[in-house]
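> pasting the sequence and the predicted model now:
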Amino acid sequence: MTNTLHRFGPASSFRDDYVVFAICSRGKNDKDALPKLRQFLSMAIPFKPVNLGDARHGGCLRPSNEMSPFNHWTRDMTPDLEEVVRGLDAPTTVAAVFDNRAAAVDFLKKVKEADLGMSINISTSVENAEACCHEVGIPRHSVGYSLGFEGKTEKLPNTQTMLLSTMCGHGMVSHSLAKKMIDWVKEGRRTPEQAVTYMARFCSCGVFNPSRAKRVLEDARHSMK
Amino acid sequence: MKINPDKCVACGNCTYVCPMGAIYVDPVIKRATIDREECVECYACYNGLSKESLNPTIVRTMRKVFQMMRLRFEPEPDVCPTSAFEPDELVWPRVVRRAFSDPRVPHESTGIEGRGTEEVKTNDISGRVKEGEVGFTIEFGRPGVGARFHEIEKMSMKLAAAGVDFEKKNPVTTLMTDQKTGRLREDILNEKVMSAILEIKTTVDKTEEIIRLVKEVEKEIDTVVVLGVGVRCDANGDEKVVAPILEKLGYELHRAKTNVGLGRITNPDALEAAQKEPAGAAK
């Protein structure tokens, strides 16, 4: 899952984007991994993540299989972080997304103390990750750099659409939906807060960053790039 | 994936959520329709849209009335009002599309494990990329463009000719008929997927050569390509070997995934096996 590596944007655009995830390795540390992964998710909650999720069930905003016409007026847009912890039923990649460095650092400190034995990664700008590791006092083990998009880039949409849609690395937030949400915010048909909840529900790992998405939509309201 | 024409009310919500743009409302039958050639079976429509179970006849009538009165509809954009999507029974080779496109699917039908491997995310445990080595992930079709395997084969064959080793547990590697030539199974060449990743490992001194080769082949491929470069840091957590090479080649290193090195082997049998290995083997 190179799901968070290739987010579009310059390093400065990741100032509010810190994805911390835990993963176990098949045959190496996957026995009894489930309670440890649940612990990872639970430990994140006090640090107010903007999203929390696992790769099997998605994030803290999920689609409903039993909508009724009345839900359209009373739809609950509140993220349910506890449900993500409760819903984890098998070892998989779990992630907590933060929109500020202090929270990410404090959470990493807690994870280090807990000594879960899972591989822990942080996905953000190179500088942000270095700074987090420095503050926590752990040397980086390995780095996976993204070299950005190449080839037939003329097939890609505009900057803001890319900023939004690449926040689900599996491509579940389509370019068309991202563009539609930009248009709806510009038209005043939805607020950025509402628009990000629609997009977040499509992300199947819970790594979509609603906070960064809101900022992108606010920017797009004033000028398209 | 298919759309049940008896249920569909042509609201158009699904046309926006399809990552491949493969759904359109057919003006003749007035129903949402999937272009099966372009559909990659990612299930974003089925898994991502919330489901409602309204009566299709009533909804169609209301839509017609509103349309005649030129009233703007304001539906929730992430709902299929009549639960019209129905999964297809996928058979080979079409099942490959879903294996590479739906992130929630384990690949029992193809024997393929995941879209990629654990790369450097578990490098603190696997020791897959050691100091002096570089792991490349070369991904095709991302984001939202898609790729066909005959395009990917152009790259795999050129890389194979350059003498690289493909990661054995990678799904694309398992579809090769010959890893020495990089040739893929013929029956899947025209299948379209959301994205697929070639994974190779080489020594640091070959970094520039591999990147130049990839950039050259990209010109012949009709999709987008995104490169990931995984490296091991030194004992202080610094990485001053590969980053300068990448910067010399003109790359600005905006984003990275950083393994902070807190993982360890805990399975009893794996621990036992690790203890028998020569010291430093998994570093």
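That came through, no problem.
> list the contacts for the residue of the stretch 101-250 of chain B found nearest chain A?
At 2.8 Å from chain A, residue B:237 is the closest residue in the stretch 101-250 of chain B, using CB to the nearest CB. Where you see a C-beta, it was placed from the backbone N, CA and C, and this is true even at glycine. By CB atoms under 8 Å, 6 or more residues apart in numbering or on different chains, the contact list for residue B:237 reads A:130, A:133, A:138-141.
> ok, and which of the residues you listed reach chain B?
A:130, A:133, A:138-141 (CB under 8 Å from any CB of the partner chain).
> with neighbour count and secondary structure as extra columns, can I get these in JSON lines?
Shown next, in JSON lines, are the ones next to chain B among the contacts of residue B:237 (neighbours: other CB atoms under 10 Å in any protein chain shown; DSSP: H, G, I helix; E, B strand; the rest coil):
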{"residue": "A:130", "neighbour count": "19", "secondary structure": "helix"}
{"residue": "A:133", "neighbour count": "21", "secondary structure": "helix"}
{"residue": "A:138", "neighbour count": "18", "secondary structure": "coil"}
{"residue": "A:139", "neighbour count": "14", "secondary structure": "coil"}
{"residue": "A:140", "neighbour count": "24", "secondary structure": "coil"}
{"residue": "A:141", "neighbour count": "23", "secondary structure": "coil"}
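> for residue A:135, which non-adjacent residue is closest in space?
residue A:105 (4.7 Å; CB to CB, 6 or more residues apart in numbering or on different chains).
> for the residue of the stretch 101-250 of chain B closest to chain A, helix, strand, or coil?
coil (DSSP: H, G, I helix; E, B strand; the rest coil).
> repeat that for residue A:79.
Classified using three-state DSSP, residue A:79 is coil.
> excluding covalently adjacent residues, which one is nearest to it?
Using CB to CB, 6+ apart, the nearest residue to residue A:79 is residue A:60, at 3.8 Å.
> all helices of the chain, in order?
Answering for chain A, as no chain was given. For chain A, helices defined by DSSP state H occupy the ranges A:33-44, A:71-74, A:81-87, A:101-114, A:126-136, A:159-165, A:175-187, A:192-200, A:210-222.
> other chain: chain B
Counting by DSSP H, the helices of chain B are B:13-17, B:44-48, B:56-68, B:95-101, B:123-126, B:149-161, B:171-174, B:207-218, B:242-248, B:268-276.
> so which of those gets nearest residue B:181?
Residue B:181 lies closest, by CB to CB, to one member of the helices of chain B: helix B:149-161, at 5.4 Å.
> just the CA trace of the lowest-mean-pLDDT helix or strand in chain A, in CSV.
Every helix and strand in chain A was compared by mean pLDDT, DSSP states H and E; the lowest is helix A:71-74, with a mean of 80. What follows is helix A:71-74 as a C-alpha-only set of coordinates in CSV (Å, rounded to 0.1, in the frame of the first residue of the first chain):
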residue,chain,number,x,y,z
ASN,A,71,-31.4,11.0,6.6
HIS,A,72,-30.8,13.7,4.0
TRP,A,73,-31.9,16.3,6.6
THR,A,74,-30.6,14.6,9.7
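> what residues does it touch?
Under CB under 8 Å, 6+ apart, the answer for helix A:71-74 is A:64, B:52, B:75-76.
> once you drop chain neighbours, what's closest to residue A:155?
Closest to residue A:155 by CB to CB, 6+ apart is residue B:145, at 4.9 Å.
> what sits against the one you found?
A:152, A:155-156, B:223-224.
> do residue A:101 as well
A:18, A:128, A:131-132.
> check those residues against chain B, which are close?
Filtering these for proximity to chain B by CB under 8 Å from any CB leaves nothing.
> buried members of these into PyMOL, please.
Selection command for PyMOL covering only the buried members of these, criterion 16 or more other CB atoms under 10 Å in any protein chain shown:
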select buried, chain A and resi 18+128+132
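> got JSON lines for the contacts of residue A:101, with distance to residue B:247 and pLDDT too?
What follows is the contacts of residue A:101, written out as JSON lines (distance: CB to CB, whole Å; pLDDT from 0 to 100):
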{"residue": "A:18", "distance to residue B:247": "24", "pLDDT": "98"}
{"residue": "A:128", "distance to residue B:247": "18", "pLDDT": "97"}
{"residue": "A:131", "distance to residue B:247": "19", "pLDDT": "97"}
{"residue": "A:132", "distance to residue B:247": "22", "pLDDT": "98"}
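> I'm done for today, thanks for sticking with me.
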